[in-house]
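S.K.: Kindly generate the corresponding structure for this input.
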Amino acid sequence: MPLPLPGVLGHEGAGIVTKIGPGVENVAVDESVPLELAGPLACGITTGAGAVLNTANPAPGESVVVYGVGAVELGAIMAAHNSAAATIIAVDLHDSRLELAQRYGATHGITSRKEDSLERIREITGGAADYAIECTGVIAVLEEAIEAVLTLE
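M.R.: Numbers count the residues shown, from 1 in each chain. Predicted coordinates:
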């Protein structure tokens, strides 16, 4: 796929414009952009939201479990909140992150270091979740996410 240059892709899209060269239009110099906040959010929010809205696309009444509560996962939680999903479960090790998740749309929070998250997911959903979003990269968490959507017989 041809890309006209200059091109800025993905994480590389974070930066501060300090000078404008000849022929550049509609760009302003602004050194006040907080990259430590904007950088992770720019990619993370759209990645998490895209996973929910473009891939899962929950139907009315369905459930979404989101493992971890970082930038990507918060994007997924906010997107699930703005979808037809009825149940949005956030799973994390830290209570403070789960409070944040619930502020941004999670209907339930599970502290995985204090309780059996798979058992709680099954209690909340009445069996299995419809979708699981796993962005931690931890193999054990990925394995649990797969189990969370499997129907028990």
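S.K.: All the strands of this structure, in order from the start?
M.R.: 63-67, 87-92, 108-111, 131-134 (DSSP state E).
S.K.: Between those, which one is closest to L98.
M.R.: strand 108-111 (3.4 Å; Cβ to Cβ). Any C-beta I mention is one placed from the backbone N, CA and C, and that applies to glycine too.
S.K.: buried sites along the closest one?
M.R.: 108-111 (16 or more other Cβ atoms under 10 Å).
S.K.: What segments of this protein are helices?
M.R.: Here the chain has its helices, by DSSP state H, at 35-50, 71-81, 95-103, 117-125, 139-148.
S.K.: To I133, which of those lies closest?
M.R.: Nearest of the helices of the chain (Cβ to Cβ): helix 71-81, 4.6 Å.
S.K.: how far off helix 95-103 does that closest one point, in degrees?
M.R.: 30 degrees (axes from the mean of the first three to the mean of the last three Cα atoms, to 10 degrees).
S.K.: Check which residues of helix 71-81 are buried.
M.R.: Within helix 71-81, judged by 16+ other Cβ under 10 Å, the buried ones are 71-80.
S.K.: can I get those in CSV with distance to A28?
M.R.: Formatted as CSV, the buried residues of helix 71-81 follow (distance: Cβ to Cβ, whole Å):
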residue, distance to A28
A71, 25
V72, 29
E73, 32
L74, 28
G75, 27
A76, 32
I77, 32
M78, 28
A79, 30
A80, 35
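S.K.: closest to V141 among those?
M.R.: Top of the list for closeness to V141, among the buried residues of helix 71-81 and by Cβ to Cβ, is E73 at 11.2 Å.
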